[in-house]
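Undergrad: Sequence and predicted structure are below.
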Amino acid sequence: MNKIVFLIVLFSINLFSQNSKEYRGEKEKIHDLVHTKLKVDFNFKEQTMNGEAWITAKPHYYPTKTIILDAKAMVINKVSLNDRTLSYNYNDNELIIELPRTYNRDEKFILYINYKAQPEKVKQKGSKAISSAKGLYFINPTGLDKNKPTQIWTQGETEASSCWFPTIDSPNQKTSQEIYITVPNKFVTLSNGKLQEQKTNTDGTRTDYWNFKQKHAPYLFFMGIGEYDIVKDNYKNIPVNYYVEKKYAPYAKDIFGNTPEMLDFFSKITGVEYPWSKYAQIVGRDYVSGAMENTTAVIHGEKAYQTPGQLIDENVQENTIAHEAFHHWFGNLVTAESWSNLTVNESFANYSEYLWREYKYGKEDADAHLFEDIQGYKNGQNYDKHLVRFNYANREDMFDAVSYNKGGAILHMLRKYLGDSAFYEGLNKYLTQHKYGTGEVHQLRLALEEVTGKDLNWFFNQWYFGNGHPKLDISYDYNELRKTVTVNIYQTQNESFRFPLAIDIFEGNTANRHEVFVEDKEASFILPYTKQPSLIQINADGVLLCDLNENKVLSDYIFQLKNAKNYMHKREALLEVAKQQDNNKAFDAVAEAMNDSYYRIRKLALENINLINKNSKKRVIENIKKIANNDSKTLVQASAVETLGKLTDPELKPIFIEALESESYAVMGKALVAMYYIDKNLAIKKSKELPSEVKKIIATPLTRIYLEEKDESELIFIAGNVISGMYLSQDKSIQSLYKKAYTKIAKSDNSEAIQNLVNDIVVKGKQYKQYGFSNVGVDLMRQMIQMQKTENKSNEIKNIAIIKEAMARLLE
């Protein structure tokens, strides 16, 4: 699963994970699931599902006469075996069934259960609040919202499949499945496996029969229902289909079209051919996470929907598409035996994003992605968490930047230490040995040890079963007579780490690489040189997950910016040099970085170039004008336009006029803001002429303009973007902008804008309830009531009533 990162923690509530004294090991296998057959239909008005289930199971080892199935908030109508009605007890969470006799190991039996699923009555204790992990989601079920399609989709991970069918809801169970889904004829269905039959019924409905013959975990079961176009693709002879709403069908292959190449790439590096019968991807409205790897039926959130004006900048869903695809090896083919061992699912899926980008776009691009992932781990409350955790308070807490980001970085270190060939051969052994079964970290280690002949306990003990990362103080002692430099490394964290380390000694512009191995908290390495080093680069390949404390001066950073190969080091140097642009050499170095071969460095240089004394910097400005028109990356063009816009120079108007006609929405948005400061009327006229769909996409620059213009008529438009801007963006300037917008609307007399804002709070509050956002939403609306009372506007009573009604909806 690809998780959405929230910034709620910065604003309102404490989401820090707590440890439990209870040991969270693998769930005991009393019975094994063998096969699951379901027949389902839906009551859209009541948001319930009528179901029949045939559960084939057997005792795992010991003889049994009772079986316990997970079944949450259901109405159980009948339980039988071979047409014999069975006695059972049901506590709204578990279904305890008395079997007619004692069954021995490997003796199968088929239970029949007639039931009704009631997802709206599910109450699962989540890690942050009462969770909305209700398994089965009805979206706009009665069609009341004319701007949103009616859909149904399911979300099983972690243990919510048992909200819509009885099962043993544990990741260490594996079962094949059949599902008969009856829906109104206008709807398309998607489930795991192959669509083998469709039967038209006399009542205006249709029954689709989906058959999945292989074995996978119950949390990977999926149903998706709605009005979709199916855009067909393929990988070899395997169908690869994209289920999208009609207006996005022309762009489906632009969004998802790399999928077949991903499946081919992942098949080659693992040495395991894609093991399933199809690969489908569907986009669900109001989806509760980023995406989910349901076997052969991946669901994505609405963020996946993009148009050419966005895709020309970048496909923001591409990493997620790779992530969910790789899960079909790590997570689906071999599944973590317990949530404590989630790393064998999610760390691999996270690292697949690096592997894909390295293959498709080059190492520097992949390294930039890795850097951002590592920052996501370091910026959170993650240092004290182990990667494998047996004492988590709630299983949902495992889905964090340790299991994802840090785990991916650890795999990167492991790959470098073992070498590509050994690393991939070890992965092949792990996958082959445990296919259609479960795995844990020790089994991964043993597979890698068997291939390489190395003992890897030291690595796994410190990185998988330990916490933190090295924090290094670096110093140098030069011996000019012997022409050696002693590199001193001191670990300042409590734990002692062992690790290989790459050190580059630059002589002139030539780097000589030295590979050393740090064994203790204090280590020194005497390294030779022939010419006084220009720079010594520690962790030169950027592989080690660590913090570095070095004493570098401006000249070091300028040299590093011009000569370092790793993105992390270039970025670090650029930001340090940018702080001292009063120095001509520093300014020139930043200006030169605008021509770097990698677009993210060019973009960062443009964002940090200091053009305050513009008359003395005409040469650089001319270069920025060329970049604004001609850079190969539209995101760099957009940054160039934004940088020129800060000059508020009317002579630059032709640049902005041309940018307003760009196919890129990023360029267009920056051009509107730039134009606003030299020709307000033209900028506002252009913004008013934009189609509503385009306005939504470039909402942030438009919000900036409308707030500065104090355009009350646009508060209605702004209101629909406030919550996403405040809590889904990681850009502090965007957070600040939308916080200002929130306050503006909350104090306003504009009832329609207030209605839009609270409606969005309710939607986000329910959609992301498991992340604690419902609590945030209530706080936001209480603040709005206070602001309305303070302002004494004419619509105060009406506006407060609107807010209170929304609050009641959120608390339902």
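TA: Cool, got the structure.
Undergrad: For the residue with the largest distance to the centre of the chain, give its distance to Glu28.
TA: In terms of distance from the mean C-alpha position of the chain, Leu481 ranks first, at 53.8 Å (Cα atoms, centre = their mean). For Leu481, the distance to Glu28 (Cβ to Cβ, to the nearest Å) stands at 68 Å. In this view, the C-beta of every residue, glycine as well, is placed from N, C-alpha and C.
Undergrad: do the same with Asn382
TA: Distance from Asn382 to Glu28, by Cβ to Cβ: 30 Å.
Undergrad: One more: Glu522?
TA: From Glu522 to Glu28 the distance is 46 Å (Cβ to Cβ).
Undergrad: Looking at those two, which has the bigger crowd around it?
TA: Between Glu522 and Glu28, Glu522 has the larger neighbour count (other Cβ atoms under 10 Å), namely 12 against 8.
Undergrad: Quickly list what the spatially closest residue to Pro260 that is not a sequence neighbour is bridged to.
TA: Closest residue in space to Pro260, ignoring its immediate chain neighbours: Tyr235 at 4.0 Å, by Cβ to Cβ, 6 or more residues apart in numbering. Tyr235 has these beta-bridge partners by DSSP bridges: Ile238.
Undergrad: what's around Tyr235, how many residues?
TA: Residues lying near Tyr235 (other Cβ under 10 Å) number 17.
Undergrad: Double-check it against Asp264; I have them as touching.
TA: Yes. The pair Tyr235 / Asp264 is scored as a contact, 6.5 Å apart, by Cβ atoms under 8 Å.
Undergrad: Just confirm Lys39 is within a helix.
TA: No. Secondary structure of Lys39 (DSSP: H, G, I helix; E, B strand; the rest coil): strand, not part of a helix.
Undergrad: Is it bridged to anything, and to what?
TA: The partner list for Lys39 in beta bridges (DSSP bridges) reads Glu52, Tyr180.
Undergrad: now swap in Met74 and tell me
TA: Bridge pairing for Met74 (DSSP bridges) gives the partners Ala117.
Undergrad: Show the subsequent helix or strand relative to the lowest-mean-pLDDT helix or strand in the chain.
TA: Counting by mean pLDDT, DSSP states H and E, the chain has its least confident helix or strand at strand 130-131, which shows a mean of 39. Going down the chain from strand 130-131, the next helix or strand is strand 136-139, by DSSP states H and E.
Undergrad: rewinding a little: look up how far Val402 lies from the residue nearest to Pro260.
TA: Separation of Tyr235 from Val402 (Cβ to Cβ): 33 Å.
Undergrad: Likewise for Phe460?
TA: Applying Cβ to Cβ, the value for Phe460 to Val402 is 15 Å.
Undergrad: Please say which of the two ends up with more neighbours.
TA: A count of neighbours by other Cβ under 10 Å puts Val402 above the other of Phe460 and Val402, at 27 against 20.
Undergrad: Quick check: nearest residue in space to that one, chain neighbours excluded?
TA: Lys385 is the one closest to Val402 (Cβ to Cβ, 6+ apart), at 4.7 Å.
Undergrad: Kindly give the local confidence score, pLDDT, for the one you found.
TA: Note for Lys385: predicted pLDDT of 97.
Undergrad: Also Arg809?
TA: Arg809 carries a pLDDT score of 90 in this model.
Undergrad: What residues sit buried inside the one helix or strand it maps to?
TA: In this structure, Arg809 sits in helix 796-810 according to DSSP H and E. Neighbour counts over helix 796-810 (16 or more other Cβ atoms under 10 Å) mark 799-800, 802-803, 806-807, 810 as buried.
Undergrad: Which of the residues you listed scores worst on pLDDT?
TA: Lowest pLDDT of those: Leu810, 89.
Undergrad: And the helices in the stretch 351-500 of the chain, which stretches?
TA: With DSSP state H, counting those that start in this stretch as the criterion, the stretch 351-500 of the chain has helices at 363-378, 407-418, 420-434, 441-452, 457-463.
Undergrad: Between these, which one is closest to Asp588.
TA: Asp588 lies closest to helix 363-378 among the helices of the stretch 351-500 of the chain, at 22.8 Å (Cβ to Cβ).
Undergrad: Contacts for that closest one, please.
TA: 5, 319, 350, 353-355, 357-358, 401-402, 404-406, 408-409, 412, 542, 545, 547, 565-568, 571, 597-598, 600 (Cβ atoms under 8 Å, 6 or more residues apart in numbering).
Undergrad: Check stretch 78-87 too.
TA: With Cβ under 8 Å, 6+ apart as the test, stretch 78-87 has contacts from 88, 95, 97-100, 109-114.
Undergrad: re earlier: which one of the buried residues of helix 796-810 sits closest to Tyr677?
TA: Nearest to Tyr677 among those, with distances taken as Cβ to Cβ, is Asn799, at 33.1 Å.
Undergrad: ok now do that closest one, which residues does it touch?
TA: 749, 751, 754, 788, 793.
Undergrad: Same check on Ile536?
TA: Residues in contact with Ile536, defined by Cβ under 8 Å, 6+ apart, are 476, 485, 487, 503-506.
Undergrad: Need the pLDDT of the closest residue to Thr150 other than its chain neighbours.
TA: Leaving aside its sequence neighbours, Thr150 sits nearest to Asn140 (Cβ to Cβ, 6+ apart; 5.0 Å). Listed pLDDT for Asn140 reads 96.
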